[in-house]
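>>> Here is my input, please return the structure:
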Amino acid sequence: MIKRWINLQIELKMKKYLLLFLLAGVLGLSSCIKDPVDPYKQAEEQLAKDEVIIKKFIADNNIPALRDASGVYYQIIEPGSGSVNYTANTKITVQYKGKLLNGTVFDFSKDNQPFVFNLGDRIINGWKIGVPLIQKGGKIRLIIPSGYAYGSQAPGSIPGNSILDFDIEIVDIQ
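Reported below is the predicted structural model:
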């Protein structure tokens with residue numbers, strides 16, 4: 001009976017040590033796990049940073065731009081003519097030039113090769129917001145926060161989280 005009692009005490013102590021060991025391991029590992037990243041919070045923070053940069057850029061360059069509710073800034077240079085009600089299937093032909101805010105041109109259309117797309121195509125959201133603000137023959141300048149462009153991705157020569165500055169002219173709408 002004493003032997004059984006001693007074995008029971010040893011077994012209980014071993015279980016305590018095992019439990020303490022497991023608890024220490026769990027606590028140790030949990031300190032290595034980073035908090036999950038909230039993409040919405042990150043997007044809001046980046047938009048706030050972009051907003052400060054865009055406002056300074058507009059002020060420094062005396063650009064009479066307006067702010068869309070989305071955060072995309074635009075300057076309608078020519079409204080164009082017509083009354084197209086844009087949909088995802090609207091076929092649009094444009095001439096454009098895209099720049100970074102430091103003036104570096106990263107893309108442009110050639111005069112004999114305009115860019116043709118449907119508004120629902122895989123174009124950046126800044127274009128989906130800004131292009132419908134004008135009609136055929138219209139010209140617009142879009143200053144697009146990074147979240148409405150390529151976000152943190154870095155396609156080609158465009159660094160991640162870049163604010164983009166586009167000059168766009170609608171050549172045709174179908």
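>>> Can you pull up the most central residue in this structure?
Using Cα atoms, centre = their mean, the residue of the chain that lies closest to the mean C-alpha position is residue 147, 2.0 Å off.
>>> wait, doesn't it sit right on residue 47?
Yes. The criterion here is Cβ atoms under 8 Å, and residue 147 meets it with residue 47 at 5.5 Å. Backbone N, C-alpha and C define where each C-beta goes, glycine included.
>>> coming back round to it: can you pull the contacts of the residue nearest to the centre of the chain?
Listed by Cβ atoms under 8 Å, 6 or more residues apart in numbering, the contact partners of residue 147 are 43, 46-47, 50, 71.
>>> Closest one of the residues you listed to residue 165?
Taking Cβ to Cβ as the measure, residue 165 lies nearest residue 50 of these, at 12.1 Å.
>>> list the contacts for residue 90?
84, 118-119, 173-174.
>>> mind running it again at 10 Å?
For residue 90, the contacting residues are 84, 117-120, 131-132, 173-174, by Cβ atoms under 10 Å, 6 or more residues apart in numbering.
>>> hmm, back to that, for residue 147 and residue 47, list the residues in contact with both.
Joint contacts of residue 147 and residue 47 (Cβ under 10 Å, 6+ apart) are 70-71.
>>> And the helices in the protein?
Taking DSSP state H as the test, the helices found in the chain are 2-30, 39-60, 125-130.
>>> what's the burial count for the nearest residue to residue 97 once chain neighbours are set aside?
Spatial nearest neighbour of residue 97, excluding adjacent residues (Cβ to Cβ, 6 or more residues apart in numbering): residue 108 at 4.3 Å. Per other Cβ atoms under 10 Å, the neighbour tally for residue 108 reads 13.
>>> pretty sure residue 108 is touching residue 96, no?
Yes. Counting by Cβ atoms under 10 Å, residue 108 does reach residue 96; the two are 6.6 Å apart.
>>> what do those two both touch?
Contacts common to residue 108 and residue 96, judged by Cβ under 10 Å, 6+ apart, are 115, 166-167.
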